[in-house]
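*Asks:* Any chance you could fold what I've pasted below:
(chains A and B)
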Amino acid sequence: MPRYNPAVIEPKWQLHWENNKTFRTPEMPSGDKVYILDMFPYPSGAGLHVGHPEGYTATDIQARYWRMRGKSVLHPMGYDAFGLPAEEYAIRTNTPPRVSTEQNIANFTRQLKMLGFSYDWDRCLATTDREYFRWTQWIFLLLFDTWFDLEQQKGRPISELPIPADVAAKGEDAVSLYRDKHRLAYQDEALVNWCPGLGTVLANEEVIDGKSERGNHPVQRMPLRQWMLRITAYGDRLISDLEGLDWTPGIKKLQADWIGRSTGAEVDFPIVPASEFSKWQSTRRGQAYPESIPVDVLRIYTTRPDTLYGATYMVIAPEHPVVKTITTPEQSAAVKQYCDNAAFKSDRDRTDGDKRKTGVFTGAYAINPVTGKPIPIWIADYVLIGYGTGAIMAVPAHDDRDFEFAKAFQLPIQCVVEPSKNDADRETILAGGVCFTGDGLAINSGSLDGLGTDAAKAKIIDELTASGVARQAINYKLRDWLFSRQRFWGEPFPILHELDAAGKPTGIIRAVDTQELPVDLPQLEDYKPHGRPEPPLAKADDSWLYVTIDGKRYRRETNTMPQWAGSCWYYLRFIDPTNTSAIVDRAKEKAWMPVDLYIGGAEHAVLHLLYARFWHKVLFDRGYVSHAEPFHKLVNQGMILGEVEYTGFQTASGEWVSAAHTEKGETGYVHSKTKEALNSISVADSDVTKSGDNFVLASDPSIRIDSRAHKMSKARGNVVNPDAVVTEYGADSLRLYEMFMGPLEATKPWSTTGVNGVRNFLDRVWRLMIDTHAEGNTLVDSIQDVEPTAEQNRVIHSTIMAVTRDIESLSFNTAIARMMEFVNFFTKESVRPRKGMEALILLLSPYAPHMAEEVWQALGNTDSLAYQAWPVFDESLTKASEIEVPLQINGKLRTKLMVPADSTAEQLEQAARGHERLAEWLDGKQIVKAIVVPGRMVNFVVK
RNA sequence: GCCAAAGUGGCGGAAUCGGCAGACGCGCUGGACUCAAAAUCCAGUGUCCUUAACAGACGUGUGGGUUCGAUUCCCACCUUUGGUACCA
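*Replies:* Numbers count the residues shown, from 1 in each chain, chains lettered A, B, ... in the order given. Now for the predicted structure:
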């Protein structure tokens, strides 16, 4: 065969691997196992993006490498196919979602196979498979059957939930409702994010800036009865278990911050006339801190109980229940207007713009329980109903938001924390003129005076706990997970609502028997959202919608699960994809889990990983999995940007404007002085030159040109299609290039000439071994069965050493560079020992498997190299007998010296002192000190 | 604003522990081969000074510091990218 032709070689080997089931994984690992997982893709209509193969190639290299090292490797692939985009695509193309999803999956599969990934395709699954979502529904029922025992910090079967005597006394229905309230999956009337544009409610995590993450539609808040998952119960464990994971500190922190655990205190402020305060105080002293909030108090949460003496007013959220009861008649009109306004505002409007504080006075007062003074109660939307108790004590002297609010409404500011003596603003802070949020010494605070912030916090909590006014409390930013969606293309809930004789729901719910799973989606002609919160499944035929069991009539739950559901546990199903009696076989689970390496995009750093960890912990508590955490090592691949573009700016009349004088306006770029709209002009590479730190127009250096790589997008027209790259350069070139671009985790721009460069390398490898003039795959004559020379051995063994080390540390770019050096070296050698050539092909095989197989065959092997032993290196052969050592004077490199590699420090120094070039430098100077690092360098400090 | 990551030639990037800055690739320049081109092979390629060589000076965002020696460690600042946004 004359030339390297991937168009022939690649399909040949793909077919070979498929027919021979080369990458079939054993049911159970033999010896060491390694589970290498990709974040499975969403099979969109657009097909594979060049970002996908980046992570997939990295994991494939790992999988192929560890197979050659003799481990049992589990390396599966599947599809996350339920969810909004698939449904929107289906509506747009007027195809049923199941049909369009299957088409998209077929296309993705074709593309993935075209790239030669070594997945065990027999384990492929899609979250939309009935046999898959049967078990997603089963896990939901497990959540439904579990309550969280706070004492044990553990999920337990609902049947073990202690029922209080007073509830038990009220009968079976009361017990049933009590249980429902404690389940990990529960229904709640909650203020939800309703998105009319998508026709569904969204999780907090799916709302960004008051708009839907998907589609950027406005989101409103409205009360709706929804399914919730009690993820907050696992908040502490989700934080503390991060510790043992091999994730970057950044990602861990992101998760911990998202969960947002804070410790502080809940404090009751009585809403009573000042004259009755002491009476209230003495009643409280005699009792425990009440679990539910009494009618005569406003309960707040604070992380700064040490500043209680500085609380000069209170603020409650507009949705707070006491708004109705405490507002005075004089204020009621203003209050009503403010609250109505807030309700109509989306979160976007609330947080938009300059965040100027707004609010209204209720007319009511509460008593500060430490000073006994009445302080006014205000309503403001900067206090959120969903966090803490929905009410705060405002300490304007020591909280930025309270300070701004106090300034806006002329409320008193009382400093109670003294800043350090050398604080520049000390006097102003003490006078209440500037807000001070740092730690300091308590002042104007009764018994706390003189204590540091932490000590003051501890003391005030002790005192108030003793007098029944406060207690220590923990809060999370994380909210319970809103789990239902009003869309068609998702897993139906396996839940039945009991109906009375008149067909009205009784409020009693029951789980669908696990034997009846899966609950399939009904056939629907019209599944489009209609902008009302009634789910599309409600339009199903009665035969689907209504069920009679033991003479009782039920209506099916018509909400569906969010897209996250299926991806919360797919890694478990890969272990045992066809099991019909359990989510996964216990022994297999124990043998294969946890996932040893998990690679995917950083966009899943919070949501997917948090949700999956939560489900995994519930499965763990209930004894279905053997590890508390599913993903041991996590790596986020960086984004691949489009090619670098040079952009210049011109006025409407065609005059160039330097990029230094432009800024981003509302619709595009404008002149920073005149605000005149500018046109962005793409400038050719050849018309640009570098000047200082910037690029400028070659014809006019005063015009700065913007140079950057942009995100790939259809609108910009810079999307690179993997199909086209494979057609032009081959899959091995695409794989190799994506690994050669730079570190896996870095964001990096695409470069077509770069792809050409690695293709060039593969051509060189080919010519190094294959005689391009002969018929068939004949080796070049220079490959001979001889022992390598010492120099050749050095190259061979140091390459094996470096490539092995780099592959294990995921430094693929440097591993490829080492192989290029190997090829550059042996291209010049007229005798190429067969051993060395075989080693190179094995080293290269995880990166460019098709070509490697082809050359391996030409080298006379009949089997696939997929399970060939990885080359071993002899470290003693990697070392040269003589090395070049730099000689420095005062830390500056002056010359170099050839010495035997094993020279001692003394020998090195002697050799250096005798070096003639150095003598010139030492002339007339005195050597004060000599620093000698054997094998590294010599440095003389001279005067 | 806050959090995270990052700033090295014309470009992507490399440099286990603080020890020869710029591996490898792209691009560019020159040469060989060719009628010619492509392909291939060979050589060169951080900036500046000097006619040139030898050599020298400078050089890892900026300014300081620690050190015999700093891309690497410390402090301050600037810029870029990503995330996040009133969580009391």
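*Asks:* Please make it C-alpha for all contacts and neighbour counts, starting now.
*Replies:* Fine.
*Asks:* Neighbours of residue A:695, how many?
*Replies:* 18 (other Cα atoms under 10 Å).
*Asks:* so what's it bridging to?
*Replies:* In this entry, residue A:695 is beta-bridged to residue A:690, residue A:705, by DSSP bridges.
*Asks:* Report the separation between it and RNA strand B.
*Replies:* 8 Å (Cα to the nearest atom of the strand, to the nearest Å).
*Asks:* can you pull the contacts of residue A:939?
*Replies:* Under the criterion of Cα atoms under 8 Å, 6 or more residues apart in numbering, the neighbours of residue A:939 are A:887-891, A:930-932.
*Asks:* Buried ones among those residues?
*Replies:* Burial by neighbour count, 16 or more other Cα atoms under 10 Å: within the contacts of residue A:939 this picks out A:887-890, A:930, A:932.
*Asks:* Now residue A:827: closest residue in space, sequence neighbours ignored.
*Replies:* For residue A:827, ignoring the flanking residues on the chain, the nearest one in space by Cα to Cα, 6 or more residues apart in numbering is residue A:768 at 6.0 Å.
*Asks:* Sticking with that neighbour, tell me its helix or strand.
*Replies:* In this assignment (DSSP states H and E), residue A:768 forms part of helix A:752-769.
*Asks:* other SSEs contacting the next helix or strand after that helix?
*Replies:* Beyond helix A:752-769 in the direction of the C-terminus, DSSP H and E gives the next helix or strand as strand A:783-784. Judged by 3 or more Cα pairs under 8 Å, 6 or more residues apart in numbering; DSSP states H and E, the packing partners of strand A:783-784 are strand A:832-833, helix A:834-844.
*Asks:* Could you rerun that using 6 Å?
*Replies:* strand A:832-833 (3 or more Cα pairs under 6 Å, 6 or more residues apart in numbering; DSSP states H and E).
*Asks:* Now do the contacts for the residue nearest to residue A:684 when sequence neighbours are not counted.
*Replies:* Excluding its sequence neighbours, the residue lying closest to residue A:684 (Cα to Cα, 6+ apart) is residue A:646, at 6.9 Å. If you count contacts by Cα atoms under 6 Å, 6 or more residues apart in numbering, residue A:646 has them with A:682-683, A:706-707.
*Asks:* give me the low-pLDDT residue ranges for chain A?
*Replies:* In the predicted model, chain A carries pLDDT under 70 at residues A:1, A:204-205, A:208-210, A:344-355, A:531, A:665-667, A:923.
*Asks:* how many neighbours does residue A:247 have?
*Replies:* A count of neighbours around residue A:247, defined by other Cα under 10 Å, yields 17.
*Asks:* Name the residues linked to the closest residue to RNA strand B within chain A by a beta bridge.
*Replies:* Per Cα to the nearest atom of the strand, residue A:302 is where chain A lies closest to RNA strand B, at 2.9 Å. Applying DSSP bridges to residue A:302 yields these beta-bridge partners: residue A:265.
*Asks:* Does it touch residue A:264 like I think?
*Replies:* Yes - the pair residue A:302 and residue A:264 qualifies as a contact (Cα atoms under 6 Å) at a distance of 5.5 Å.
*Asks:* what sits in contact with each of the two?
*Replies:* A shared contact of residue A:302 and residue A:264, defined by Cα under 6 Å, 6+ apart, is any residue touching both; here there are none.
*Asks:* These two: who's more crowded?
*Replies:* Between residue A:302 and residue A:264, residue A:302 has the larger neighbour count (other Cα under 10 Å), namely 24 against 19.
*Asks:* what's around the closest residue to residue A:426 other than its chain neighbours, how many residues?
*Replies:* Using Cα to Cα, 6+ apart and skipping residues adjacent in sequence, the residue nearest residue A:426 is residue A:419, 6.1 Å away. Counted with other Cα under 10 Å, the neighbours of residue A:419 add up to 21.
*Asks:* Over to the one 4 residues further on?
*Replies:* Residue crowding around residue A:423 was assessed by other Cα under 10 Å; the count is 10.
*Asks:* Next: residue A:480.
*Replies:* As a burial measure, residue A:480 scores 19 neighbours (other Cα under 10 Å).
*Asks:* Settle this for me: it is touching residue A:231, isn't it.
*Replies:* Yes - using Cα under 6 Å, residue A:480 is in contact with residue A:231, at 5.3 Å.
*Asks:* Pop out the phi and psi values for the residue nearest to the spatial centre of chain A.
*Replies:* Of all residues in chain A, the one closest to the mean position by Cα atoms, centre = their mean is residue A:605, 0.9 Å from it. Backbone torsions for residue A:605, taken as degrees, to the nearest 10, come to phi -60, psi -30.
*Asks:* I'd like to check which residues are in contact with it.
*Replies:* Counting by Cα under 6 Å, 6+ apart, residue A:605 touches no other residue.
*Asks:* what's in contact with the helix holding residue A:768?
*Replies:* Contacting residues not belonging to helix A:752-769 are listed as A:733, A:737, A:779-780 [Cα under 6 Å, 6+ apart].
*Asks:* What of stretch A:62-69?
*Replies:* Counting by Cα under 6 Å, 6+ apart, the neighbours of stretch A:62-69 from elsewhere in the structure are A:846, A:867-870.
*Asks:* And stretch A:500-512, by the same measure?
*Replies:* Applying Cα under 6 Å, 6+ apart, the set of residues contacting stretch A:500-512 is A:494-499.
*Asks:* re the thing from before, now, which of the contacts of helix A:752-769 sits nearest residue A:322?
*Replies:* Residue A:322 has its nearest neighbour among the contacts of helix A:752-769 in residue A:737, at 63.2 Å by Cα to Cα.
*Asks:* How about residue A:296, nearest residue that isn't a chain neighbour?
*Replies:* Once flanking residues are discounted, residue A:296 sits nearest to residue A:271: 5.3 Å by Cα to Cα, 6+ apart.
*Asks:* Any figure for the gap between that neighbour and residue A:369?
*Replies:* Computed with Cα to Cα, to the nearest Å, the distance linking residue A:271 and residue A:369 is 10 Å.
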